[in-house]
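Colleague: make a model of this:
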Amino acid sequence: MIELIPEPKIDQPVTEEWQKMIKKLTETTGGLLLAQLTNTHNTNEPELAVGSRFEVNKSFYHTLQDEPIDFGVSPVSGKLFIYATPRSDGTCSLNYLTTMPELDLAKGGYYFEEKRCIASVTYDATRGIFFDKHIVDVNSDTPLFPKYPVGSFIQQLPDELSPAGRGLPGLWSDWSMRPVMYGLALTPPPSGFETDYEEHGASIWHLNTDGTVATLGTKKYTKPDVYISDSRQECGNDLQEDDWEIGHEIHGGRYSGMFVWETVTLGGLFLSVHDGGRSRPPFNSGAAGDAIRNIYGGAANFYSDGVGVRGAWTFGGANTGVSTGNTANWRYVYINVSSAVPTSAQNSPVTASCVIWRRIS
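Modeller: The predicted structure is shown next:
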């Protein structure tokens with residue numbers, strides 16, 4: 001139960017100073033909110049912790065035990081607000097509502113009608129879990145919503161809700177396969193120059209360390225003398241505009257007249273900490289091409305049918321020839337690491353997929 005904290009009566013004040021003290025106490029403690037939710041470090045349903053104190057419409061309350069919060073109606077996924085509503089019997093109820101409160105500075109808190117919002121949570125109704133649990137206080141460092149300005153990124157893990165599912169304001173776009181950087185040159189790329197999705201696993205064109213780009217068929221193209229990598233915004237491609245394709249000519253802005261040779265997306269890539277270019281790409285320079293440690297081996301003069309191979313080594317064709325005057329059976333031996341370990345177009349450690357969201361408005 002949440003009970004009313006008794007206040008001194010002012011019907012018959014002894015002195016004028018007693019009246020002043022009561023008025024000062026009421027005015028300076030208006031908006032009081034010293035509260036805490038339980039289960040803030042797990043996904044269990046929260047309660048208002050015992051000992052919490054708060055004011056609603058100039059009446060003060062405190063909790064005598066961990067107080068549960070009533071759903072009232074069938075719960076829905078998304079942002080939920082915990083409201084405290086005074087009752088006529090001197091107690092106070094706690095309820096979840098989806099209605100967003102508004103700041104009332106005169107009352108010193110966030111209100112919807114006569115109800116005061118004291119906390120917010122995000123609820124996943126499918127799995128019955130709670131997260132993003134925050135006390136909603138005017139003077140708190142935690143705002144009503146986390147501050148995600150336009151251009152912010154959010155990584156959604158497999159067990160999490162999308163920004164819209166969490167009730168975050170603004171318009172969010174799946175940015176997993178949209179360019180975040182462009183590689184530019186003063187000359188257009190050669191005819192037929194395009195991204196190889198199958199080889200690279202993402203819409204990105206990798207430049208080789210020798211100044212050439214990856215081979216398309218039998219062609220090999222040389223990296224332009226003037227080559228610039230820069231962010232999407234600095235290139236002049238706004239968040240809500242269509243993505244530029246390879247070969248696009250930029251009109252206007254700092255890179256006007258240049259052409260897109262490379263598009264860098266987050267999808268299919270693994271972010272790494274900038275190390276000055278020793279083994280990973282320098283910061284703001286695009287993306288590094290994929291590479292593996294060298295695998296080598298050789299086999300010769302396998303004259304006996306009894307020679308065994310295993311792992312990545314396999315026998316090929318056979319032939320008969322004469323060696324030192326004797327007839328011998330020759331065997332060909334090949335190496336193919338895919339017969340011993342999983343292979344793909346790029347090196348790929350064991351990973352879990354995520355979705356990258358970006359706020360565009």
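Colleague: in contact with Thr99, which residues?
Modeller: 81, 112 (Cβ atoms under 8 Å, 6 or more residues apart in numbering). In short, each C-beta sits where N, CA and C put it, glycine included.
Colleague: how's the chain carved up into domains?
Modeller: Annotated domains of the chain cover 2-149, 174-291, 292-356 [automatic domain parsing].
Colleague: by mean pLDDT, show me the worst of these.
Modeller: Lowest mean pLDDT of the domains of the chain: domain 292-356, a mean of 66.
Colleague: tell me the phi and psi of the residue lying closest to Glu55 once chain neighbours are set aside?
Modeller: Using Cβ to Cβ, 6 or more residues apart in numbering and skipping residues adjacent in sequence, the residue nearest Glu55 is Leu32, 4.2 Å away. Dihedral angles of Leu32 (phi, psi; degrees, to the nearest 10) stand at phi -50, psi 130.
Colleague: residues near Leu32, how many?
Modeller: The tally of other residues near Leu32 (other Cβ atoms under 10 Å) stands at 17.
Colleague: isn't it right next to Phe60, touching?
Modeller: Yes. The pair formed by Leu32 and Phe60 meets the contact definition of Cβ atoms under 8 Å, at 6.6 Å.
Colleague: what touches both of the two?
Modeller: 53-54.
Colleague: quick one: contacts for the nearest residue to Pro68 once chain neighbours are set aside?
Modeller: Nearest non-adjacent residue to Pro68, counting by Cβ to Cβ, 6+ apart: Glu47, 5.2 Å away. By Cβ under 8 Å, 6+ apart, the residues touching Glu47 are 37-39, 66-69.
Colleague: against Leu184, how distant is Asp159?
Modeller: From Asp159 across to Leu184, the span is 39 Å (Cβ to Cβ, to the nearest Å).
Colleague: how far away is the residue nearest to Asn336 when sequence neighbours are not counted from Ser338?
Modeller: Leaving out its chain neighbours, the residue that sits closest to Asn336 by Cβ to Cβ, 6+ apart is Ala312, at 5.9 Å. Taking Cβ to Cβ as the measure, Ala312 and Ser338 are separated by 8 Å.
Colleague: between those two, which one's more packed in?
Modeller: Counted by other Cβ under 10 Å, Ala312 and Ser338 do not tie: Ala312 has more neighbours, with 15 against 9.
Colleague: quick check: that one touching Ser339?
Modeller: Yes. Assessed by Cβ under 8 Å, Ala312 is found in contact with Ser339 at 5.6 Å.
Colleague: what is the end-to-end distance of stretch 51-65?
Modeller: In terms of Cα to Cα, to the nearest Å, the two terminal residues of stretch 51-65 are separated by 7 Å.
Colleague: what comes up buried for it?
Modeller: In terms of neighbour count (16 or more other Cβ atoms under 10 Å), stretch 51-65 has its buried residues at 52, 54-56, 60-63.
Colleague: could these go into CSV alongside distance to Ile82 and secondary structure?
Modeller: Below are the buried residues of stretch 51-65 laid out as CSV (distance: Cβ to Cβ, whole Å; DSSP: H, G, I helix; E, B strand; the rest coil):
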residue, distance to Ile82, secondary structure
Ser52, 11, coil
Phe54, 11, strand
Glu55, 15, strand
Val56, 12, strand
Phe60, 18, strand
Tyr61, 14, strand
His62, 16, strand
Thr63, 13, strand
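Colleague: with that, I have no additional questions.
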